[in-house]
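**Student:** Okay, predicted coordinates and the sequence, questions at the end:
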Protein chains: 2
Amino acid sequence: MRPMVPYALNDGSPLLASLEREGYRLTAPRRAVAGLIAAQRSHFSAADLVAEARSRRVGVGRATVFRTLEVLSDIGAVERLDLPSGDHAYVACEPLHHHHAVCTRCGRSDDIEDAGLRAIVRTVERRTGYRIDEHRLELFGLCPDCQAS
Amino acid sequence: MRPMVPYALNDGSPLLASLEREGYRLTAPRRAVAGLIAAQRSHFSAADLVAEARSRRVGVGRATVFRTLEVLSDIGAVERLDLPSGDHAYVACEPLHHHHAVCTRCGRSDDIEDAGLRAIVRTVERRTGYRIDEHRLELFGLCPDCQAS
DNA sequence: GTTTTTGCAAACCATTTGCAGGGTC
DNA sequence: GACCCTGCAAATGGTTTGCAAAAAC
């Protein structure tokens, strides 16, 4: 007998789960995009997904890829990065506030938690008089594996 | 008798001084762009400068505006920001490593120094095993004036 | 059945580039 | 005088949009 699990149409995908939770419709194209994203090994661009869709013969329009990324980004299931090169890339992530360490060699990225940033924000507020509502921190370097090889 | 000041062709503009120091030629178009930037009250886009040039009847080609911004950005006299909206903007700044607090209402921006970030970077390196080479921190909120009004 | 979502193709818009002429050092 | 820089206009490339058909709830 199978274990009791709540009925779900999201295939266990956290991306689809987030969409469902936020009241978005679970359509075939969105499932496809979620699948494409899940297959990415590192950060990816909209173009990467479009190319992957084509090579896998998954029928998803370019516009839909962009629209889905926008929705996922809105609900925090995906984050848009600005790479040092100036390019944009996305990474799938937990819909909680956090930051990323991104490997400049292989593109791997890891979530990092606060690590004391909150204190810095408070310090800056005190020193400058600004009221900080939002912040973005991106760290770039070499991941453990790329340092080793 | 005028005070002794070193002979300079840069009109006292820090932007031009940086260009000169880095060995770039001080051309009329670059002077014009520097002037346009100096006139900006808050962060600005390349399009802002082009529009301003047109309205002031300053003859500077669009391409030159972009090329000059690129050079200034390379030498750190200007920094390119990624606004929360996803738009790009530039701010003039001291050519030293630092970060910005940006007002989301009026666009004003202030430089902020380290404020403890270095320690955070070290913590993250220790926890994740990454070797961080580069980082970017952007703070967004309301400047003192905009909080008051 | 109503409301969302999709695909397509065209539209957009910021940015880049090739190249011949002009300016700077 | 050599090399750097500019303007122009065309090319580029990522992203958005209008709209009618299709799908989800």
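**Tutor:** Sure, I can see it. Since the model is a prediction, treat every value here as computed from it, not as a measurement.
**Student:** Name the residue of chain A that lies nearest to DNA strand C.
**Tutor:** Nearest residue of chain A to DNA strand C: residue A:64, at 2.9 Å (C-beta to the nearest atom of the strand). Placement of C-beta: from N, CA and C, glycine included.
**Student:** That residue - that's part of a helix, no?
**Tutor:** Yes: Residue A:64: assigned to a helix according to DSSP: H, G, I helix; E, B strand; the rest coil.
**Student:** Can you report how many residues neighbour whatever residue of chain A ends up closest to DNA strand D?
**Tutor:** Of the residues in chain A, the one nearest DNA strand D is residue A:63, at a distance of 3.3 Å by C-beta to the nearest atom of the strand. Number of residues near residue A:63 (other C-beta atoms under 10 Å in any protein chain shown) recorded here: 9.
**Student:** any idea how far chain B is from it?
**Tutor:** Distance, residue A:63 to chain B, using C-beta to the nearest C-beta, to the nearest Å: 17 Å.
**Student:** picking up where we left off before, name the nearest residue to the residue of chain A closest to DNA strand C, ignoring sequence neighbours.
**Tutor:** Distance criterion C-beta to C-beta, 6 or more residues apart in numbering or on different chains; nearest residue to residue A:64, sequence neighbours excluded, is residue A:29 at 4.8 Å.
**Student:** Using the three-state scheme, assign the one you found.
**Tutor:** Assignment for residue A:29 (three-state DSSP): helix.
**Student:** pLDDT at it, what is it?
**Tutor:** We note a pLDDT of 97 for residue A:29 in this prediction.
**Student:** Then the one 10 residues further on?
**Tutor:** The predicted local distance difference test score for residue A:39 is 93.
**Student:** contacting residues for it?
**Tutor:** residue A:52 (C-beta atoms under 8 Å, 6 or more residues apart in numbering or on different chains).
**Student:** how much space between it and residue B:97?
**Tutor:** For residue A:39, the distance to residue B:97 (C-beta to C-beta, to the nearest Å) stands at 37 Å.
**Student:** circling back to that earlier point, so the residue of chain A closest to DNA strand C sits right up against residue A:33, yeah?
**Tutor:** Yes: the criterion here is C-beta atoms under 8 Å, and residue A:64 meets it with residue A:33 at 7.1 Å.
**Student:** Of those two, give the one with the bigger neighbour count.
**Tutor:** Here residue A:64 and residue A:33 are compared on neighbour count by other C-beta under 10 Å; more neighbours surround residue A:33, at 30 against 18.
**Student:** The more buried one - that's part of a helix, no?
**Tutor:** Yes: counting by three-state DSSP, one finds residue A:33 located in a helix.
**Student:** So it sits against residue A:61, correct?
**Tutor:** No: Residue A:33 is not in contact with residue A:61 according to C-beta under 8 Å; the separation is 10.4 Å.
**Student:** Just give the number of residues close to residue A:37.
**Tutor:** When counting by other C-beta under 10 Å, one arrives at 23 neighbours for residue A:37.
**Student:** Ok, residue A:20 next?
**Tutor:** Neighbour tally, residue A:20, other C-beta under 10 Å: 15.
**Student:** now do residue A:75
**Tutor:** Residues lying near residue A:75 (other C-beta under 10 Å) number 16.
**Student:** I'd like to know how far it sits from residue A:14.
**Tutor:** Distance, residue A:75 to residue A:14, by C-beta to C-beta: 11 Å.
**Student:** One more: residue A:93?
**Tutor:** Taken as C-beta to C-beta, the span from residue A:93 to residue A:14 is 9 Å.
**Student:** shared neighbours of the two, anything?
**Tutor:** By C-beta under 8 Å, 6+ apart, the residues touching both residue A:93 and residue A:14 are residue A:77.
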